[in-house]
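In: Pasting a predicted model and its sequence here:
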Amino acid sequence: MSRRVVVTGMGALTPLGLDRVTTWEALLEGKNGVGAITRFDASAFSVRIAAELKGFDVESFIEKREARKMDPSTQYGVAASLMAWKDSGLDEGDFDSNRAGVVIGSGVGGIQTLEVQHSVLMEKGPRRVSPFFIPMLIADMSSGMVSIMLGLKGANFATVSACASGAHAIGVSFKAIRCGDADIMVAGGAEAAVCPLSVAGFAAMRAISPRNDHPELASRPFDAGRDGFVLGEGAGIIVLEELEHAKRRGAVIHAEITGYGATGDAYHMTAPAPGGEGAARAMALALDDAEMVPEDVQYINAHGTSTPLNDKFETAAIKAAFGEHAQALAVSSTKSMTGHLLGAAGGVEAIFTALSLANSVILPTINYETPDPDCDLDYVPNQARDAKILNALTNSLGFGGHNCSIAIRRFEG
Amino acid sequence: MADVLGKVKQVIAEKLQIDAEQVTMEAAIVEDLGADSLEQADILFSLEDEFGITADDSDEAEGLKTVADIVAYLEKKVG
């Protein structure tokens, strides 16, 4: 009998709240985490809005001496992991540490550290670059630090696939447990890219919304007036565990991961393939992997970035993968509330999807006002909806043509 | 001397998040104060910055074990 994989811990750090519960309550109310950038003086920038973490106190998670040697992206990844681990109730002696791994993805890793140390190099010369620059820069350090802090000695690495990084981390971790390589995996994504270099770069691509006068309206996935995503930051981490392992120790089970589909567009650096065919194949693979047919699924937590291209092509992809059943699906983008957490998006959205399944609530797409003829599905506009859902997909699509879809099931024993 | 020691204490205490009182002349940076190799380098670079010197005679700089070694080295460099 094949091994089943369940979610036994979840930790989230988002622009809507510094833990999972606060974030979830804000999502249910359709709150918005977008505002003017406060992290740096953005007055010279064409885009001056972002979804920042508010009030994060690193020292409530990590000793100051250790924290100052970590980029914010690693601090977020570690903090969310510690919350997920605590939630799982796992303790020394509950598991074989050689069969417990960590895979935490990040789109860009320590870009804030890169900015600071590059300035040091230019202003003070090479001898002043910090000995912590490289360990703070590299995108795999969340995985490394979490393994050190929790004593997890199984597979340990990071996934880097732009905005699909966190989802790929969960996908490969799910596979590792299912095939028998591991019993426990800490997986998800962390990102801290609200900084001058990255805002300037995304603005140059015209990828982020310049709606500076109305930040609360800027992230509007699937709406006809959408004009780009809103840069967000934070981390979403889950503890995955083999079902019998979780049962033996009496763990609380939040949801079951049942399938993973990953494809490449082989088309363009940033534009989705025509008709969203790469994303459609990822969803079809996730369904196959979960041994499901389209009619088994009730909900999709969409990638839904609020860029003109993504939302149009993702809609086409859902129709290609689900056929007529696409019209019966509820499809929402929680990025309308959190902004786009880049490499952390797949992590937080897996948590939102698991909570939707467990609580029988579908989260809304807020700021949905004007229908777009190219986006003609049920996007759960503006209000959360009570609905018993058994199976859901969560999609993540990254620059580079990386497509990832995770199938999650309500846990019913 | 007092000035150099005061600054050395301050930098080491800040970098390692320990009380300045623990940073005695006899204390060894690694064995007694618990610095790792990156923290050792970080302390040295911060002191270079603080005193406006360059520890380019790396053999000598890398041989610094105790707070007293560092103070003596800095006093020589600052002249």
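Out: Yes, it's here. Numbering: from 1, shown residues only, chains lettered A, B, ... in the order given.
In: which secondary element of chain B has the worst mean pLDDT?
Out: helix B:58-62 (a mean of 74; mean pLDDT, DSSP states H and E).
In: Wondering if that one reaches chain A at all.
Out: No: Helix B:58-62 stays out of contact with chain A when judged by Cβ under 8 Å from any Cβ of the partner chain, the minimum separation being 10.7 Å. C-beta coordinates here come from the backbone N, C-alpha and C atoms, glycine included.
In: Name the residues of that helix that are buried.
Out: Neighbour-count burial for helix B:58-62, counted by 16 or more other Cβ atoms under 10 Å in any protein chain shown, picks out B:Ala61.
In: Mind listing residues that contact the helix or strand following that helix?
Out: Later in the chain than helix B:58-62, the nearest helix or strand by DSSP states H and E is helix B:67-78. For helix B:67-78, contacts defined as Cβ atoms under 8 Å, 6 or more residues apart in numbering or on different chains pick out B:1, B:4-5, B:8-9, B:12, B:23-27, B:29, B:47, B:51, B:53, B:55, B:60-61, B:63-64.
In: Relative to the whole chain's centre, how far out is helix B:67-78?
Out: Put simply, helix B:67-78 sits 8 Å off its chain's centre (Cα atoms, centre = their mean, to the nearest Å).
In: go on, stretch A:127-135?
Out: Between the centre of stretch A:127-135 and the centre of its chain there are 29 Å (Cα atoms, centre = their mean).
In: Please apply the same query to stretch A:168-177.
Out: With Cα atoms, centre = their mean, you get 14 Å for stretch A:168-177.
In: okay, it in CSV with CA atoms only?
Out: Listed next in CSV are the C-alpha coordinates belonging to stretch A:168-177 (Å, rounded to 0.1, in the frame of the first residue of the first chain):
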residue,chain,number,x,y,z
HIS,A,168,8.2,23.1,-5.6
ALA,A,169,9.6,22.7,-2.1
ILE,A,170,6.3,21.2,-0.9
GLY,A,171,6.0,19.0,-4.1
VAL,A,172,9.5,17.4,-3.8
SER,A,173,9.0,17.0,0.0
PHE,A,174,5.7,15.2,-0.6
LYS,A,175,7.3,12.9,-3.1
ALA,A,176,10.2,12.2,-0.7
ILE,A,177,7.9,11.0,2.0
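In: pLDDT wise, what is the residue nearest to A:Val172 when sequence neighbours are not counted at?
Out: Ranked by Cβ to Cβ, 6 or more residues apart in numbering or on different chains and with sequence neighbours excluded, the top spatial neighbour of A:Val172 is A:Val103, at 6.0 Å. If you check A:Val103, the pLDDT there is 98.
In: helix, strand or coil for A:Val103?
Out: In terms of secondary structure, A:Val103 is strand; the call rests on DSSP: H, G, I helix; E, B strand; the rest coil.
In: what about it, how many neighbours?
Out: Number of residues near A:Val103 (other Cβ atoms under 10 Å in any protein chain shown) recorded here: 30.
In: Centre-most residue in chain B?
Out: Centroid check for chain B by Cα atoms, centre = their mean gives B:Ile70 as the closest residue, at 4.8 Å.
In: pLDDT wise, what is that residue at?
Out: 95.
In: cool, and A:Glu242?
Out: Predicted confidence (pLDDT) for A:Glu242: 98.
In: residues contacting it?
Out: A:3-6, A:177, A:183-184.
In: Try it again at 7 Å.
Out: Shown in contact with A:Glu242 (Cβ atoms under 7 Å, 6 or more residues apart in numbering or on different chains): A:3, A:5, A:177, A:183.
In: Chain B next: which of these are close?
Out: With Cβ under 7 Å from any Cβ of the partner chain as the criterion, no member of these is in contact with chain B.
In: returning to that earlier point: now for the residue nearest to A:Val172: which residues touch it?
Out: Contacts of A:Val103 by Cβ under 7 Å, 6+ apart are A:143, A:157-159, A:169, A:172-173, A:185, A:187.
In: May I have the phi/psi pair for the residue of the stretch 101-250 of chain A found nearest chain B?
Out: Residue nearest to chain B within the stretch 101-250 of chain A: A:Pro131 (4.0 Å; Cβ to the nearest Cβ). Phi and psi for A:Pro131, reported as degrees, to the nearest 10, are phi -60, psi -10.
In: from what I can see it touches B:Ser37, true?
Out: No: judged on Cβ atoms under 7 Å, A:Pro131 makes no contact with B:Ser37 at a distance of 8.1 Å.
In: which of the two has more neighbours?
Out: A:Pro131 (18 against 9).
In: Who are the contact partners of the more buried one?
Out: Counted by Cβ under 7 Å, 6+ apart, A:Pro131 has contacts B:38, B:41-42.
In: Please, which helix or strand holds the closest residue to it other than its chain neighbours?
Out: Closest residue to A:Pro131 apart from its sequence neighbours, by Cβ to Cβ, 6+ apart: B:Ala41 at 4.0 Å. Using DSSP H and E, B:Ala41 falls within helix B:37-51.
In: tell me the angle of that helix relative to helix B:67-78?
Out: Compare the direction of helix B:37-51 with that of helix B:67-78 by axes from the mean of the first three to the mean of the last three Cα atoms, to 10 degrees and you get 40 degrees.
In: Rounded mean pLDDT for helix B:37-51, please.
Out: Mean pLDDT, computed over helix B:37-51, is 92.
In: List the contacts of that helix.
Out: Contacts for helix B:37-51 (Cβ under 7 Å, 6+ apart): A:127-128, A:130-132, B:7-8, B:11-12, B:15-16, B:29-30, B:35, B:54-55, B:61, B:74, B:78.
In: can we see that at 8 Å?
Out: Contacts of helix B:37-51 (Cβ under 8 Å, 6+ apart): A:69, A:124, A:127-128, A:130-132, A:135, B:4, B:7-8, B:11-12, B:15-16, B:29-30, B:35, B:54-55, B:61, B:64, B:70, B:74, B:77-78.
In: Can you point out the buried residues in it?
Out: Those would be B:39-48, B:51, for helix B:37-51 by 16+ other Cβ under 10 Å.
In: and those residues as CSV, adding distance to A:Cys375?
Out: Formatted as CSV, those follow (distance: Cβ to Cβ, whole Å):
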residue, distance to A:Cys375
B:Glu39, 53
B:Gln40, 57
B:Ala41, 54
B:Asp42, 51
B:Ile43, 57
B:Leu44, 58
B:Phe45, 54
B:Ser46, 54
B:Leu47, 60
B:Glu48, 58
B:Phe51, 63
